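[1] coordinates for the following, if possible.
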Amino acid sequence: MNNMSVTKSNTLVDASYQLNVQAQKLVLACLGKVDSRSTIPKEMTLTALEYSDLMGITNARRDLYKAADSLFDAVITLKDENEEVKLRWIQKGVKKLKGEGAVVITWSDDVLKYISSLQSRFTTYKLRHIAELQSSHSIRLYELLMKFNSTGERIIYLDDFKSALGISDKYPTFKELNRRVIKASVDELNQRSDLVISYETIKKGRSVAALSFEFKKSAQLKMNV
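    Numbering: from 1, shown residues only. Model (predicted):
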C-alpha cells in the first residue's frame, strides 16, 4: 500500500460539500501526487493504475470514470460570518483518455487557491489510512477529526457537522442521522482506518446541539476482514 500524504487547507477541510466515495478518492489521489510545498499544477493526469495503487481499488478504470462524471457538477460552499460562496472543484469537464485508462482534471482557479496556498493552516494525512473506506461520510469525518490531530478531541456543532458533509437538508431527526451517518462512519473508521474513535452528544435542553469526539491513533492500520 502507498505511503503518500494528502494536504488540504483547513478552510477546505471544513467547507461544505458532498462527493460520492469514488470522487472523494479521485480528488485525494490527485492531491496525494503533489508535494504540498510545491506549486500544484492547474491540470493533472491520473491513470487508473495510479488510482488503484493509491486507493487499493480493484475496478479502478470503471471507478475512475464514474468519479470523473460526478466531479464536474460538485459544488463546494465556503461560509464565514459575512458571506457564503459556492465554488466548483474543476473548471471544465474531466477529459477521459480511454485508450490510456486515465483522466485529465483541470482545477478551478478558486479551488486551486485553497489547495495551493496552504499558508500556516493545513491538514495532512496518509492516503493509505482512508484507502479502505467505503463511505464518503467516513472520509469527511476522518478529515474533520485530523484537523485536531494534535489534541485528539473535537467538538462540532451538529449543524456544522451536517453542513461539512453536505447533508444539511437530510436526516431531520438525530436518531436517523446518528444511525445512518455518525455511528456508521465511526464504526467504519474504527474498523478500517488508523483511528480509534468514540463520541458523545452535547444537548441544549432536550435536543442534541453538538458532538464531542475523542480519537487516537491505533498502533496498527486496521483492514477490512
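
[2] from here on, just use CA atoms for contacts and neighbour counts.
    Will do.

[3] how is this protein divided into domains?
    Using automatic domain parsing, the domain ranges for the chain come out as 5-116, 132-217.

[4] rebuild those as a markdown table, extending it with mean pLDDT and mean neighbour count.
    Below are the domains of the chain laid out as a markdown table (pLDDT from 0 to 100; neighbours: other C-alpha atoms under 10 Å):
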| stretch | mean pLDDT | mean neighbour count |
| --- | --- | --- |
| domain 5-116 | 86 | 18 |
| domain 132-217 | 95 | 17 |
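
[5] can you give me the helices for this structure?
    Ranges of helices in the chain, per DSSP state H, are 10-13, 21-32, 48-55, 60-71, 109-116, 136-146, 158-164, 174-177, 183-192.

[6] of all those helices, which one is nearest residue 210?
    helix 158-164 (4.7 Å; C-alpha to C-alpha).

[7] nearest residue to residue 104 in space, please, no chain neighbours.
    Nearest non-adjacent residue to residue 104, counting by C-alpha to C-alpha, 6 or more residues apart in numbering: residue 45, 4.4 Å away.

[8] sorry, back to before: turn the domains of the chain into TSV, including distance to residue 126.
    Listed next are the domains of the chain as TSV, based on distance: least, C-alpha to C-alpha, whole Å:
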stretch	distance to residue 126
domain 5-116	4
domain 132-217	10
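
[9] quick one, which of the ones you listed is nearest to residue 125?
    domain 5-116 (5.3 Å).

[10] from the chain's centre, how far out does that closest one sit?
    Between the centre of domain 5-116 and the centre of its chain there are 10 Å (C-alpha atoms, centre = their mean, to the nearest Å).

[11] contacts only, for the residue nearest the centre of the chain.
    Closest to where the C-alpha atoms of the chain average out (C-alpha atoms, centre = their mean) is residue 140, at 4.1 Å. Contacts here follow C-alpha atoms under 8 Å, 6 or more residues apart in numbering; on that basis residue 140 touches 164-165.

[12] ok, the residue nearest to residue 104 - contacts?
    Counting by C-alpha under 8 Å, 6+ apart, residue 45 makes contact with 30, 102-105.

[13] one more pass at 10 Å, please.
    By C-alpha atoms under 10 Å, 6 or more residues apart in numbering, the contact set of residue 45 is 30, 33, 94-97, 102-106.

[14] what about those residues, which are in strands?
    95-97, 102-106 (DSSP state E).

[15] okay, the residues you listed in CSV with distance to residue 189 next?
    Below are the ones in strands among the contacts of residue 45 laid out as CSV (distance: C-alpha to C-alpha, whole Å):
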residue, distance to residue 189
95, 33
96, 32
97, 34
102, 29
103, 29
104, 30
105, 29
106, 31
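
[16] distance of the spatially closest residue to residue 138 that is not a sequence neighbour from residue 165?
    Distance criterion C-alpha to C-alpha, 6+ apart; nearest residue to residue 138, sequence neighbours excluded, is residue 185 at 4.5 Å. Noted for residue 185: a distance of 11 Å to residue 165, by C-alpha to C-alpha, to the nearest Å.
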